[in-house]
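Chemist: Need coordinates for the following:
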Amino acid sequence: MTGGLHHVELWVPDLAEAERSWGWLLTELGWTEHQRWPHGVSWRLGATYLVFEDSPDRSGDAHERRRPGLNHLALHAGPPDRVERLAKEAAEHGWRLMFADRHPHAGGPDHYAAYLENEAGYEVELVAS
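Modeler: Next up, the predicted model:
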């Protein structure tokens with residue numbers, strides 16, 4: 001599909017942590033492991049895949065979502081009850097609920113989502129259908 005998203009590659013400081021948090025979440029959302037090599041792993045859904053790599057060329061040890069670059073990924077997560085289940089179970093997999101005082105409408109009164117941040121500082125928005 002011309003113009004469609006092919007893949008996103010995230011460089012992470014701790015591949016094991018990324019697999020624990022992102023691997024669990026993506027699997028719950030229907031993604032499957034796609035590729036694996038000594039410094040990385042990817043998960044695929046349809047024609048799109050996400051890469052997590054602890055590259056030997058990485059120049060820093062920390063991700064900061066408020067700096068220029070990636071702020072967050074937003075993923076379709078299904079109906080609101082599924083968003084709630086994922087948000088609740090996420091803590092067991094290295095995620096914490098952000099904006100808890102405004103959950104599930106931190107994105108506005110007409111937007112139902114859970115905003116999660118993992119131990120490495122990456123944010124994901126789980127958007128309800």
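Chemist: Counting neighbours, what do you get for the residue lying closest to residue 54 once chain neighbours are set aside?
Modeler: The shortest distance from residue 54 to any non-neighbouring residue, by Cβ to Cβ, 6 or more residues apart in numbering, is to residue 15 (4.2 Å). For every residue, glycine as well, the C-beta is placed using N, CA and C. Residues within reach of residue 15, counting by other Cβ atoms under 10 Å, total 16.
Chemist: same deal with residue 44?
Modeler: Neighbours of residue 44 under the rule other Cβ under 10 Å: 16.
Chemist: Surely it and residue 29 touch.
Modeler: No. Residue 44 lies out of contact with residue 29 (Cβ atoms under 8 Å); the separation is 11.7 Å.
Chemist: Next, the buried residues of the lengthiest helix in the chain.
Modeler: The longest helix of the chain (DSSP state H) is helix 80-90. By neighbour count with 16 or more other Cβ atoms under 10 Å, helix 80-90 contains the buried residues 82-84, 86-87, 90.
Chemist: before we move on, what about stretch 47-57?
Modeler: 49-54.
Chemist: what does stretch 110-129 give?
Modeler: 112-118, 120, 122-128.
Chemist: just curious, which of these is nearest to residue 76?
Modeler: residue 127 (5.7 Å; Cβ to Cβ).
Chemist: Now do the contacts for the closest one.
Modeler: 74-77, 83, 111-113 (Cβ atoms under 8 Å, 6 or more residues apart in numbering).
Chemist: again with residue 94
Modeler: 17, 20-21, 118-119.
Chemist: What of residue 89?
Modeler: Neighbouring residues of residue 89 by Cβ under 8 Å, 6+ apart: residue 28.
Chemist: Enumerate the beta-bridge partners assigned to the closest residue to residue 80 other than its chain neighbours.
Modeler: Closest residue to residue 80 apart from its sequence neighbours, by Cβ to Cβ, 6+ apart: residue 128 at 4.5 Å. Bridge pairing for residue 128 (DSSP bridges) gives the partners residue 78.
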